[in-house]
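Engineer: Take a look and give me a structure for this.
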Amino acid sequence: MIRADRRHLVRTLADIAEEQGIALQTLLNSGRHRAKGFPEPLNTGRTKLYDGEQVAAHLKGRAVPPLPDQGERDDDLLDRQEAAELRNMTPQQWDTRRKTPAVRDHVVLVHGVEHWPRHIVREHALARRGAAPGYGSGGRPRGAPDQVPRDLLPARVEKLLDADPALTAARVTEALGVHRDTATAALLHCRASRMADLMERQGLTADQAADALGYPPSQVRRARVRAATVLRGRAARPYLTSVAAELHARGWTSTDTAPALHYLDDSTCAAVLPLAPSAPAPALVWAERHGWRTAVSRRHPLGRPEDWNTPPTGVHVLTTDPAASPELLLQALDGITDAAG
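Structural biologist: Numbers count the residues shown, from 1 in each chain. Have a look, this model is predicted:
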């Protein structure tokens, strides 16, 4: 375990050798790291990690100081074995759980070794242990609808976030009775939007915005990426509005306002323009990394991220230029009509 506030002191054997001015192989051949009195590693994995303060004391011939006894703190970093023990499972079972977004998004790499904050491991452990038969890990009966309608959820999460900047998806699930995935997505959206507001108004970096809002670093890994994407989406609004206006002038949309923004993933902004029945397609979809294409459904126009690499049957790629002129898009749509005729 890496105790809270001591990550900066962590050293590998390669670091220790470099600080001693010798090659790593020389240190390994000497066996000094296995000598009596050498500090115990902080972890049990293949890449051994050590507390630099303890190692420095040993190498100078002083007594190795004990690690500070601070009790269990939320920001303690647990390795694979320790996380599994806290979850009361085998390391192999933890390997499966750590791939879920709610855990994966909080991984902390320390010299290449994966760790997780204690509170992340503990909260997911409690959620899982507290689930009754017939309940999923989201804390509600399988198949049951969320207790808060989707259109009201952002405001509810905003209120919770106002009261607790360190709010977790597990607490949103408990407070609002929504699925964990729903809670995770809503919390990510709220944090990223607020960070983007500060970045836009005050010229801050994502890290500076997160710090100003009081968000724990371990909880904003995805939000940092999403906040930058939110800003790019806002910058694209005038362009998207111009496209909507041209389509409206042709009679193919019911509005000439900018479409709502969506996200294919944290780093890719997208938008959907539903089209009128007289238009050549049910909807147009724009993605900042992929350009424009048609959609075969108004209900699920975005589709899956992988669909952009291999468009499904019936989908027409109009252009791979995300800044194509409205005139070019109209010509491409006319081409679909001509081909169908």
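
Engineer: and Gly52, what is it in contact with?
Structural biologist: Counting by Cβ atoms under 8 Å, 6 or more residues apart in numbering, Gly52 makes contact with Leu9, Val10, Arg11, Asp15. Glycine gets a C-beta too; all of them are placed from N, C-alpha and C.

Engineer: Buried residues, the host helix or strand of the last one. List them.
Structural biologist: When secondary structure is defined using DSSP states H and E, the element that contains Asp15 is helix 13-19. Along helix 13-19, the positions that meet the burial threshold by neighbour count (16 or more other Cβ atoms under 10 Å) are Leu13, Asp15, Ile16, Ala17.

Engineer: can you redo the residues you listed as CSV with pLDDT and distance to Leu67?
Structural biologist: Listed next are those as CSV, based on pLDDT from 0 to 100; distance: Cβ to Cβ, whole Å:
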residue, pLDDT, distance to Leu67
Leu13, 93, 19
Asp15, 92, 18
Ile16, 93, 17
Ala17, 92, 22
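
Engineer: what's the closest of these to Arg73?
Structural biologist: Asp15 (24.3 Å; Cβ to Cβ).

Engineer: what about the closest one, distance to Gly61?
Structural biologist: From Asp15 over to Gly61 the distance is 20 Å, taken as Cβ to Cβ, to the nearest Å.

Engineer: Can you tell me which of the buried residues of helix 13-19 is closest to Gly303?
Structural biologist: Distance to Gly303 across the buried residues of helix 13-19 (Cβ to Cβ) is lowest for Asp15, with 46.8 Å.

Engineer: Val230: which element?
Structural biologist: If you go by DSSP H and E, Val230 is part of helix 221-250.

Engineer: Give me the buried stretch members for that helix, please.
Structural biologist: For helix 221-250, the neighbour count (16+ other Cβ under 10 Å) marks 221-231, 233, 236, 239-240, 243-248, 250 as buried.

Engineer: Also stretch 302-309?
Structural biologist: So stretch 302-309, judged by 16+ other Cβ under 10 Å, has buried residues Leu302, Gly303, Asp307, Trp308.

Engineer: do the same with stretch 259-279
Structural biologist: Per 16+ other Cβ under 10 Å, stretch 259-279 contains these buried residues: 259, 261-264, 266, 268-275, 279.

Engineer: Other residues contacting that stretch?
Structural biologist: Counting by Cβ under 8 Å, 6+ apart, residues outside stretch 259-279 touching it are 188, 222, 225-226, 228-230, 232-234, 236-237, 240, 243-244, 247, 251-254, 258, 281-290, 295, 298, 301-302, 305, 308, 333.

Engineer: and with 6 Å instead?
Structural biologist: 222, 225-226, 229, 232-233, 240, 244, 252, 281, 283-289, 298, 301-302, 305 (Cβ atoms under 6 Å, 6 or more residues apart in numbering).

Engineer: Also stretch 83-100?
Structural biologist: Residues from elsewhere that reach stretch 83-100, judged by Cβ under 6 Å, 6+ apart: Arg80, Gln81, Val103, Trp116, Val121, Ala125.
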